[in-house]
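>>> Quick check, what structure comes out for this input:
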Amino acid sequence: QVQLVESGGGFVQAGDSLRLSCAASGRTFSNYAMGWFRQAPGKEREFVSAISWNGGRTNVADSVKGRFTISRDNAKNTVYLQMNSLKPEDTAVYYCASAPDSYGITSHSYLYNSWGQGTQVTVSS
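Numbering: from 1, shown residues only. As a prediction, this is how the structure comes out:
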């Protein structure tokens, strides 16, 4: 399995930007599609975005489309989530996860077999 560590969360004002990073280790990073999910208090974990092994394909949830961008750098074993125009409803713990690239850029959390510990993002109005 891949070990994942997120960073970059914080407390920001509405309209601000943040970039989350997820550093991977343990297996060949480029064998995996990568995804970002989030979970707000009292809510189920929801899909945010996913990216294929080489970055050629992405999948983005409608709720963040046009504001969030996923990218990856396989040389650095890192996946990023650039979050712009943040809203209070984006407040959540953000998790990165890895899935075999054969599953594609899936939004189904059960297909991801490694998860990071999460990083808190809080957006104040």
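>>> and stretch 50-60, how far out from the chain's middle?
11 Å (CA atoms, centre = their mean, to the nearest Å).
>>> contacts for stretch 63-71?
Here stretch 63-71 makes contact (CB atoms under 8 Å, 6 or more residues apart in numbering) with 34, 36, 46, 48-51, 55, 58, 60, 79-86, 89-90. (Each C-beta comes from the backbone N, C-alpha and C, glycine too.)
>>> For the closest residue to Asn59 other than its chain neighbours, give me its contacts.
In this structure, Asn59 finds its nearest non-sequential neighbour in Ile105, 4.0 Å apart by CB to CB, 6 or more residues apart in numbering. Residues near Ile105 by CB under 8 Å, 6+ apart: 33, 35, 50-52, 57-59.
>>> redo that, cut-off 7 Å
Applying CB atoms under 7 Å, 6 or more residues apart in numbering, we find Ile105 in contact with 33, 50-52, 57-59.
>>> Take those and write them to CSV, including distance to Arg72 and neighbour count.
Converted to CSV, the contacts of Ile105 look like this (distance: CB to CB, whole Å; neighbours: other CB atoms under 10 Å):
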residue, distance to Arg72, neighbour count
Ala33, 10, 26
Ala50, 10, 27
Ile51, 5, 24
Ser52, 9, 16
Arg57, 11, 13
Thr58, 10, 15
Asn59, 13, 17
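>>> in the chain, which spans are helices?
For the chain, no helices turn up when DSSP state H is the criterion.
>>> ok, the residue of it most remote from its centre to Gln13 distance?
Most distant from the centre of the chain: Ser125, at 22.8 Å, with distances by CA atoms, centre = their mean. Computed as CB to CB, to the nearest Å, the Ser125 to Gln13 distance reads 8 Å.
>>> any idea how far the residue nearest the centre of the chain is from Thr106?
Central residue of the chain (CA atoms, centre = their mean): Trp36, 2.2 Å from the mean position. Relative to Thr106, Trp36 is positioned 12 Å away (criterion: CB to CB).
>>> and if you look at Asn113?
From Asn113 to Thr106 the distance is 12 Å (CB to CB).
>>> what's the answer for Gly55, then?
16 Å.
>>> circling back: correct me, but the residue farthest from the centre of the chain touches Ala14?
Yes: in terms of CB atoms under 7 Å, Ser125 counts as a neighbour of Ala14; the distance is 5.1 Å.
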